[in-house]
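Asker: Everything below, folded, please.
(one chain, ligands or ions: 2)
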Amino acid sequence: MKMIVAIIRPSRLEFVRDALLNEGILGMTVSDVRGYGRQKGQVEQYRGSRMQIDFLPKIKIEVVVGGNLFEKALQTIRDAARTDHIGDGKIFVLDLENVVRIRTGEEGHEAI
Ligand SMILES: Nc1ncnc2c1ncn2[C@@H]1O[C@H](COP(=O)(O)OP(=O)(O)OP(=O)(O)O)[C@@H](O)[C@H]1O
Ligand SMILES: [Mg+2]
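Answerer: Ligands and ions are numbered 1, 2, ... in the order given. Take a look at the predicted model:
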């Protein structure tokens, strides 16, 4: 099992969610976050004219998938989040040890 943590543009959230639902990938956690990448938060129109580091608003999504859906989920998120401009975000992939579905007590793949 993998946990996919993706930092994306807020404007792409609905598109990413719909694309994942279309692939049958159910379940996602979403958080409002702030961050910066290589450009240190300088937005395009400020490029080169600002020394201070700004935190730009981003969305963090967390999606847990079994091994069979992992590649599909990763590609789907990337395709849906992408605009080809700086600040499109990043996807982090973590090995996930276990999942427990609280209501039923199921564990592992069955609990996803
Ligand atoms: N190394 C990192 N560690 C943790 N979070 C990061 C890292 N790099 C980027 N992020 C998060 O991802 C968001 C978007 O990053 P961003 O897309 O600007 O990355 P980048 O490497 O600068 O790529 P690009 O050149 O396409 O802008 C950041 O605001 C931050 O929240
Ligand atoms: Mg950047």
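Asker: For the nearest residue to Arg12 once chain neighbours are set aside, which residues are in contact?
Answerer: Taking C-beta to C-beta, 6 or more residues apart in numbering as the measure, Arg12 lies nearest to Ala81, with 4.7 Å between them; neighbours along the chain are not counted. Placement of C-beta: from N, CA and C, glycine included. The neighbourhood of Ala81, defined by C-beta atoms under 8 Å, 6 or more residues apart in numbering, consists of Ala6, Ile8, Arg9, Arg12, Phe15, Val16, Asp88, Gly89.
Asker: 10 Å instead, please
Answerer: The contact partners of Ala81, by C-beta atoms under 10 Å, 6 or more residues apart in numbering, come to 6-9, 11-13, 15-16, 19, 59, 61, 88-91.
Asker: Just the buried residues of the residues you listed.
Answerer: When neighbours are counted using 16 or more other C-beta atoms under 10 Å, these contain these buried positions: Ala6, Ile7, Ile8, Arg9, Arg12, Leu13, Val16, Ala19, Ile59, Ile61, Gly89, Ile91.
Asker: of all these, which comes closest to ligand 1?
Answerer: For ligand 1, the closest of the buried ones among the contacts of Ala81 turns out to be Ile7, at 3.6 Å, with distances computed as C-beta to the nearest ligand atom.
Asker: Kindly state the beta-bridge partners for that closest one.
Answerer: On the basis of DSSP bridges, Ile7 takes part in beta bridges with Lys60, Lys90.
Asker: per-residue pLDDT, it?
Answerer: At Ile7, the model reports a pLDDT of 98.
Asker: doesn't Asp32 make contact with it?
Answerer: No: with the criterion set as C-beta atoms under 10 Å, Ile7 and Asp32 do not qualify as a contacting pair; they are 11.3 Å apart.
Asker: Mutual contacts of those two, please.
Answerer: Common contacts of Ile7 and Asp32 (C-beta under 10 Å, 6+ apart): Lys58, Ile59, Lys60.
Asker: Using a markdown table, lay out those together with distance to ligand 1 and pLDDT.
Answerer: As requested, the shared contacts of Ile7 and Asp32 are arranged in a markdown table below (distance: C-beta to the nearest ligand atom, whole Å; pLDDT from 0 to 100):
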| residue | distance to ligand 1 | pLDDT |
| --- | --- | --- |
| Lys58 | 5 | 95 |
| Ile59 | 10 | 98 |
| Lys60 | 8 | 98 |
